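[1] quick one: sequence and predicted model below, then my questions.
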Amino acid sequence: MSGNSSPPLAVSIGEPAGIGPEILLTAWSARKALALPAFYVLGDTELLAARARRVGLDVPIRETTPESAAEAFSAALPVVPLENRLSDVPGAPSPANATGVIEAIRRGVQDVLCGRAAGLVTCPIAKKPLYDAGFEHPGHTEYLGHLAEQATGQPANAVMMLAGPELRTVPVTVHQALETVAGSLNQETIERTGEIVARDLATRFAIPSPRLAVAGLNPHAGEGGAMGRQEIEIIAPAVRALRAAGINAFGPLPADTMFHAAARKNYDAALCMYHDQALIPVKTLAFDETVNVTLGLPFIRTSPDHGTAFDIAGKGIARPDSLVAAIRLARLLADNERKQTP
Ligand SMILES: NC(=O)c1ccc[n+]([C@@H]2O[C@H](COP(=O)([O-])OP(=O)(O)OC[C@H]3O[C@@H](n4cnc5c(N)ncnc54)[C@H](O)[C@@H]3O)[C@@H](O)[C@H]2O)c1
Ligand SMILES: N[C@H](C(=O)O)[C@H](O)COP(=O)(O)O
């Protein structure tokens, strides 16, 4: 790597029993046709070789270091081996793999923070086997925030955004039971989320004055308080505070009518009050092209929008499109950031 060139992207292998290993192999196989930027996998060489045989892909795999990965990329899939081994049993997740799955994410963060990688792309994890092995974070987003805080000593507010070609959405509350959502929504969290989204859209996505549409929580955004008071007591004050801070936020809007084609033209991102309010529209519009991006971190992180797809793992039919979009977006965000660095 020359002194001025940016390092490659790091990709954590994710759940080994899912489709992560095979979409990595498929994406690498299409690297030339798709003009993919260089990446390396934090994973297990034997697992990847076994999955390649299983799905009938002839992929040369080379164990390497982050520093040598970009050079290796055109001829072989570069793999930086983990200390913990992973087994190839498609469709059958096991807590025995949890240590390696978590190691890959942790090492990816270290590589990005040390400048060995330009950004981190994560392949999907299944949360349950990790929880069964004692993992204490709801998902990547929260774990990455924790790792960022450990590394920098500063509070990190990791914010999930799903970014598709026609729609970006942000869940203000994320991985929590629906019955707890109303009780945990508060003005401060909505404001802080809006500030991070506005800042990162401006700096990382090069959208100078982002427009944020803010959803209500209740049917018809509460119908003037008749169907719930969170809009009056929490969401509208948060929107006013965001506007007072110079952010072009508006709402609360009825969530059922804010995602149609004409409405989407009015904003750059929609702040939604809970997970499925945000993720259903964007995954429905463009499941194969949407990317999960974490905002608010001191590094770039993207991921495909889909999960581990255990039902098709090992069959060789998983589409690599969302992973490809995640790799491309991570490269674009890293390049935008480099342009802004004096
Ligand atoms: N980024 C992540 O780590 C992430 C994201 C979402 C879900 N998950 C996890 O994944 C697990 C399974 O979740 P799920 O079943 O709700 O969603 P899923 O996205 O894994 O699967 C939903 C449906 O879409 C299909 N599908 C998904 N990706 C595909 C692809 N690339 N090509 C073709 N078909 C594809 C699957 O076969 C399945 O029928 C859960 O444990 C969840 O927590 C992880
Ligand atoms: N909520 C995400 C989704 O459904 O797409 C998914 O669970 C991934 O979240 P993390 O990136 O935090 O693991």
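    Cool, the structure landed. All of these numbers come straight from a predicted model, not from anything done at the bench. Ligands and ions are numbered 1, 2, ... in the order given.
[2] for Asp88, the count of nearby residues, please.
    Per other C-beta atoms under 10 Å, the neighbour tally for Asp88 reads 20. Just so you know, the C-beta spots here come from the backbone N, C-alpha and C atoms, and that holds for glycine as well.
[3] no wait, His220
    15.
[4] would you agree it is in contact with Pro254?
    Yes: between His220 and Pro254 there is a contact under C-beta atoms under 8 Å: 5.0 Å.
[5] residues in contact with Gly314?
    Residues counted as contacts of Gly314 (C-beta atoms under 8 Å, 6 or more residues apart in numbering) are 22, 51, 54-55, 90-91.
[6] including neighbour count, secondary structure and distance to Asn157, could these go into TSV?
    Below are the contacts of Gly314 laid out as TSV (neighbours: other C-beta atoms under 10 Å; DSSP: H, G, I helix; E, B strand; the rest coil; distance: C-beta to C-beta, whole Å):
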residue	neighbour count	secondary structure	distance to Asn157
Glu22	26	helix	34
Arg51	24	helix	36
Arg54	16	helix	41
Val55	20	helix	39
Pro90	22	coil	36
Gly91	15	coil	36
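[7] ranges for the helices of the stretch 51-200 of the chain?
    For the stretch 51-200 of the chain, the helices defined by DSSP state H, counting those that start in this stretch cover 66-72, 98-113, 127-132, 140-152, 178-184, 187-203.
[8] dump these into TSV; add distance to ligand 1 as well.
    Output for those, formatted as TSV (distance: least, C-beta to the nearest ligand atom, whole Å):
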stretch	distance to ligand 1
helix 66-72	22
helix 98-113	10
helix 127-132	4
helix 140-152	6
helix 178-184	15
helix 187-203	18
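[9] read off the pLDDT value for Thr341.
    The model reports Thr341 with a pLDDT of 72.
[10] got the domain ranges for the protein?
    The record assigns the chain these domain ranges, following automatic domain parsing: 1-157+298-342, 159-296.
[11] how about the residues of the stretch 1-150 of the chain near ligand 1?
    Contact residues (C-beta under 6 Å from any ligand atom) of the stretch 1-150 of the chain with ligand 1: 19, 23, 124-128, 140.
[12] which of those residues are buried?
    Using 16 or more other C-beta atoms under 10 Å as the burial test, those include 19, 23, 124-127, 140 as buried.
[13] now the two most distant members of these.
    Ile23 and Lys127 (18.9 Å; C-beta to C-beta).
[14] ok, back up a step: also within reach of ligand 2: list those from the buried ones among the residues of the stretch 1-150 of the chain next to ligand 1.
    His140.
[15] got the residues of the stretch 51-200 of the chain near ligand 2?
    So the stretch 51-200 of the chain meets ligand 2 at 139-141, 160 (C-beta under 6 Å from any ligand atom).
[16] run the last query once more with 8 Å
    Proximity of the stretch 51-200 of the chain to ligand 2, by C-beta under 8 Å from any ligand atom, involves residues 122, 124-125, 127, 138-144, 160, 162, 171, 174-175.
[17] Thr45: what's it in contact with?
    61, 63, 79, 81.
[18] so what pLDDT did the closest residue to ligand 1 within the stretch 151-300 of the chain get?
    Of all residues in the stretch 151-300 of the chain, the one sitting closest to ligand 1 is Asn292 (5.5 Å; C-beta to the nearest ligand atom). Looking at Asn292, its pLDDT reads 98.
[19] SS state for the closest residue to it other than its chain neighbours?
    Counting by C-beta to C-beta, 6 or more residues apart in numbering, Asn292 lies nearest to Ser303, which is 4.3 Å off, once chain neighbours are set aside. Put simply, Ser303 is strand when judged by DSSP: H, G, I helix; E, B strand; the rest coil.
[20] Ser303 and Gly119 touch, don't they?
    No: counting by C-beta under 8 Å, Gly119 is not a contact partner of Ser303; they are 11.1 Å apart.
[21] thinking again about what came up before, any idea which of the contacts of Thr45 has the most stuff around it?
    Using other C-beta under 10 Å as the neighbour test, the contacts of Thr45 are led by Val79, with 25 neighbours.
[22] list the contacts for that residue?
    Contacts of Val79 by C-beta under 8 Å, 6+ apart are 40-45, 48, 61-64.
[23] make it 10 Å
    11, 13, 24, 40-49, 61-64, 69, 72 (C-beta atoms under 10 Å, 6 or more residues apart in numbering).
[24] that one pairs with what?
    Under DSSP bridges, the beta-bridge partners of Val79 are Val41, Glu63.
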